[in-house]
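Chemist: Have a look; sequence and predicted model below, questions after that.
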Amino acid sequence: MVIKKVLLINPNYQKVISSLSQISIGPPLGLAYIAAVLRKNKIEVSIIDANAEDLNLQKILSRIREESPDIIGITSVTPTIDLCSQLASKIKESFPTIPIIAGGIHPSISPSETLKNNPSIDFLIIGEGEYAFLELINNLNREKNLRNVKGLVWREKGRIVINKKRGFIEDLDSLPLPARDLLPNKKYRSIEFNSFTTIIAMRGCPANCIYCDVPSFCGKKLRKRSVDNVIKEIEECIQKYGIKSFSFLDDTFTYDKEWVAKFCDTMIRKNLNKKVKWICLTRVDNINLELLKKMKQAGCYKIELGIESGSPKILKKIGKGITIEHIRKGFEYAKQAGLTTMAFVMVGFPFETEEDIIMTKDLVKEINPLFLQVSYATPYPGTCFYDYCRKNNLLLTNDFSQYVFLNKSVIKNENGLNTEKIIELKKDLERSFYLRPGYMVGSFFYLLKTSESLSLFLNRCLIFLRKV
Ligand code: B12
Ligand code: SF4
């Protein structure tokens, strides 16, 4: 079988992860990177972003018929693995001869289980998919060569074979820019932008937060693209797609301060700071006032900071490596630099007490970010947190579609707090934050001033009201 055409699918997870996808729908960047590499190697590719286009199964199947691919790839994270499997089996029913490949963080972390539970998935790729997918396509006809495709998981005479590990892509600049021309760019929106895209400047994270899959999945070494390469992507987005708002997905955007300073200088020198707005996510212990001021000057308007807990005991237990002082200082600097702030916190760790959650509640009111996201501590497979919960019999369910950190608490508490109590404490934390008169007035005017359209403003108000 000669592979001439590849189809990549981002399943429609809007219903599974409803509260999140109503706020923000971003491009499946991983698929766009894979597509770019395949295309560079003369393979025709298309992407169905069923999530952004809100396509049901029938529509996906009819699009597959139109595209008539020789092979199909589906992406998945933990809460969407069932969705991925269901989609694969429906595709197999209608197109039994098309090989189906799964990839993404969940198949990478639980490869044998994923293949074992899903006979419709023919192959699976662990880790970064760009070159592994290409090699698979080039060797699909020669079964004995499949053994040499690093990162591939497959069935040989019914037996699951896990090939040798593939190393991380060290030179990220060698990758072509993500194939955004294959994506429905107009469909992407976030809480702040009617139209936006995401960019990833680095892969990997050296930190040790117990609840996070990134270090094991993307590696502990930070692999950076060059500033010029990132600027080229921003320029392409402006010129080719008219995109003017960007969200950096990097987990710790400011990890390398020199890199960020150079990036900001280039944005200013090229006048891009007058043309675009961007936001980023980082750690409170990785910023300083001077850098934040430069970022503001370079077009950054919002910074998102993970604080996770107001309890020093919990911060220590989850390996976050930050202190309450870091948190206070981080927010102080961000505000002094004139940046809008967002804080991420979690509730419901097994070792948390009511007092710990109250400390978080008090701290968020004290640091007073403009936006707050409270999620349930969720143990994703592949993390130490998951292993801890499994070992101590704390998992309330093994149904991964429930592992949606904004919607559900899926673990038992070791200090006698039942699920209802955790939900109540989360709600109380949110209400006591949002329902402060000064905060409400301030955020109303902020939303009015910064919304790109009336519909975005109303949508944002709705999200706000839903939270309380
Ligand atoms: C941006 C982001 C989001 C965005 C956008 C997601 C999107 N589809 O665009 C939003 C905010 C919507 C989001 C939502 C959620 N996210 Co998120 N997210 C991320 C983040 C920060 C970056 C993802 C990214 O684009 N990476 C860059 C690209 C290049 O990598 P990639 O997507 O992984 O793709 C590569 C490989 O995975 C592989 N690959 C991927 N798909 C396929 C398919 C095939 C066929 C092949 C061969 C290979 C392959 O090849 C790609 C190229 O190398 C990651 C952290 C991280 N650093 O990865 C968390 C992360 C993926 N998210 C996570 C979680 C938990 C969620 C939510 C479930 C949260 C929730 N509400 O409960 C939802 C799930 C929604 C979903 N289906 O994605 C976890 C996943 C943990 C897990 N085991 O599932 C991560 C790892 C963060 C963490 N702290 O642990 N997320
Ligand atoms: S939560 Fe952020 S800082 Fe911690 S390990 Fe994950 S990516 Fe790194």
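Modeler: Ah, there it is. Computed from a prediction, not measured in an experiment: that's the story for all the values here. Ligands and ions are numbered 1, 2, ... in the order given.

Chemist: make it CA atoms for all contacts and neighbour counts henceforth
Modeler: Fine.

Chemist: hey, where'd the helices end up in the stretch 51-200 of the chain?
Modeler: Using DSSP state H, counting those that start in this stretch, the helices of the stretch 51-200 of the chain run over 57-67, 81-94, 105-109, 111-117, 130-139, 143-146.

Chemist: what's around the residue of the stretch 301-450 of the chain found nearest ligand 1, how many residues?
Modeler: Going by C-alpha to the nearest ligand atom, ligand 1 is nearest to Val404 of the stretch 301-450 of the chain, at 3.3 Å. Residues near Val404, counting by other C-alpha atoms under 10 Å, number 23.

Chemist: would it count as being in a strand?
Modeler: No: remark: Val404 does not belong to a strand; assigned using DSSP: H, G, I helix; E, B strand; the rest coil, it is coil.

Chemist: circling back to that earlier point, just name the most buried of the helices of the stretch 51-200 of the chain.
Modeler: Of all the helices of the stretch 51-200 of the chain, helix 105-109 has the most neighbours on average by mean count of other C-alpha atoms under 10 Å, namely a mean of 23.

Chemist: Torsion angles phi and psi at Lys302?
Modeler: Main-chain torsions, Lys302, degrees, to the nearest 10: phi -140, psi 140.

Chemist: Now for Val77, how many residues are close by?
Modeler: So Val77, with other C-alpha under 10 Å, has 19 neighbours.

Chemist: thinking again about what came up before, quick check: pLDDT value at the residue of the stretch 301-450 of the chain closest to ligand 1.
Modeler: The model reports Val404 with a pLDDT of 92.

Chemist: Hmm, it is touching Lys15, no?
Modeler: No: Val404 lies out of contact with Lys15 (C-alpha atoms under 8 Å); the separation is 11.4 Å.

Chemist: does Ile422 belong to a helix or a strand, and which?
Modeler: Taking DSSP states H and E as the definition, Ile422 sits inside helix 419-434.

Chemist: so the next helix or strand after that helix versus helix 419-434, what angle?
Modeler: Downstream of helix 419-434, the next assigned helix or strand under DSSP H and E is helix 437-450. Taking axes from the mean of the first three to the mean of the last three C-alpha atoms, to 10 degrees, helix 437-450 and helix 419-434 form an angle of 70 degrees between their directions.

Chemist: quick one: contacts of the helix or strand encompassing Arg39?
Modeler: Per DSSP H and E, Arg39 falls inside helix 29-40. With contacts defined as C-alpha atoms under 8 Å, 6 or more residues apart in numbering, helix 29-40 is touched by 8-10, 44-47, 75, 129-131, 133-134, 175-180, 182-183, 198-199.

Chemist: residues near the nearest residue to Lys257 once chain neighbours are set aside, how many?
Modeler: Sequence neighbours aside, Leu291 is the residue nearest to Lys257 in space, at 7.4 Å (criterion: C-alpha to C-alpha, 6 or more residues apart in numbering). Leu291 is flanked by 20 other residues according to other C-alpha under 10 Å.

Chemist: Not counting its neighbours along the chain, what's nearest Pro79?
Modeler: For Pro79, ignoring the flanking residues on the chain, the nearest one in space by C-alpha to C-alpha, 6+ apart is Ser401 at 4.2 Å.

Chemist: hang on, that neighbour in a strand?
Modeler: No: under three-state DSSP, Ser401 sits outside any strand and is assigned helix.

Chemist: List the contacts of it.
Modeler: 16, 78-82.

Chemist: Go again with 10 Å.
Modeler: Listed by C-alpha atoms under 10 Å, 6 or more residues apart in numbering, the contact partners of Ser401 are 16-17, 77-83.

Chemist: Next: Ala201.
Modeler: Applying C-alpha under 10 Å, 6+ apart, the residues near Ala201 are 172-173, 223-227, 229-231, 233, 248-251, 253.

Chemist: quick check, nearest of the residues you listed to ligand 1?
Modeler: Once C-alpha to the nearest ligand atom is applied, the member of those that ends up nearest ligand 1 is Leu249, at 5.0 Å.

Chemist: Run a quick neighbour tally on the closest one.
Modeler: Neighbours of Leu249 under the rule other C-alpha under 10 Å: 18.

Chemist: for the residue of the stretch 351-468 of the chain found nearest ligand 2, what are its contacts?
Modeler: Nearest to ligand 2, among the residues of the stretch 351-468 of the chain, is Thr383, at 9.9 Å (C-alpha to the nearest ligand atom). By C-alpha under 10 Å, 6+ apart, the residues touching Thr383 are 109, 208-217.

Chemist: The residues you listed in helices, which ones?
Modeler: By the criterion of DSSP state H, membership of those in helices covers 109, 214-217.

Chemist: ok, and of these, which contact ligand 2?
Modeler: The subset of the ones in helices among the contacts of Thr383 within reach of ligand 2, counting by C-alpha under 6 Å from any ligand atom, consists of 214-215.

Chemist: what's the most distant pair in the ones in helices among the contacts of Thr383?
Modeler: The most widely separated members of those, counting by C-alpha to C-alpha, are Ile109 and Pro215 (12.0 Å).

Chemist: Which residues are in contact with each of these two?
Modeler: 382-383.

Chemist: what does the chain put close to ligand 1?
Modeler: By C-alpha under 6 Å from any ligand atom, the residues of the chain that approach ligand 1 are 17, 20, 25-31, 33-34, 73-75, 77-80, 101-106, 125, 127-130, 133, 212-214, 249, 380-381, 404-406.

Chemist: So among those, which ones count as buried?
Modeler: Among the residues of the chain next to ligand 1, the ones that count as buried by 16 or more other C-alpha atoms under 10 Å are 17, 20, 25-31, 33-34, 73-75, 77-80, 101-106, 125, 127-130, 133, 212-214, 249, 380-381, 404-406.

Chemist: What residues does Tyr301 make contact with?
Modeler: Tyr301 makes contact with 277-280, 295, 337-341 under the criterion C-alpha under 10 Å, 6+ apart.

Chemist: ok, now Arg63?
Modeler: Contacts for Arg63 (C-alpha under 10 Å, 6+ apart) come out as 48, 55, 57.

Chemist: which of these lies closest to ligand 1?
Modeler: Of all the contacts of Arg63, ligand 1 sits closest to Ile48, with 12.1 Å by C-alpha to the nearest ligand atom.

Chemist: quick one: the helix or strand encompassing that closest one to helix 57-67, angle?
Modeler: Using DSSP H and E, Ile48 sits in strand 44-49. Angle, strand 44-49 to helix 57-67, by the same axes, to 10 degrees: 170 degrees.

Chemist: mean confidence score for strand 44-49?
Modeler: Across strand 44-49, pLDDT averages out at 98.

Chemist: Listing partners with orientation, what would you give for that strand?
Modeler: strand 5-10 (parallel) (DSSP bridges).

Chemist: quick revisit: can you list the helices of the stretch 51-200 of the chain in JSON lines and add mean pLDDT and distance to Leu417?
Modeler: Output for the helices of the stretch 51-200 of the chain, formatted as JSON lines (pLDDT from 0 to 100; distance: least, C-alpha to C-alpha, whole Å):
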{"stretch": "helix 57-67", "mean pLDDT": "97", "distance to Leu417": "40"}
{"stretch": "helix 81-94", "mean pLDDT": "96", "distance to Leu417": "29"}
{"stretch": "helix 105-109", "mean pLDDT": "96", "distance to Leu417": "29"}
{"stretch": "helix 111-117", "mean pLDDT": "95", "distance to Leu417": "32"}
{"stretch": "helix 130-139", "mean pLDDT": "96", "distance to Leu417": "45"}
{"stretch": "helix 143-146", "mean pLDDT": "86", "distance to Leu417": "50"}
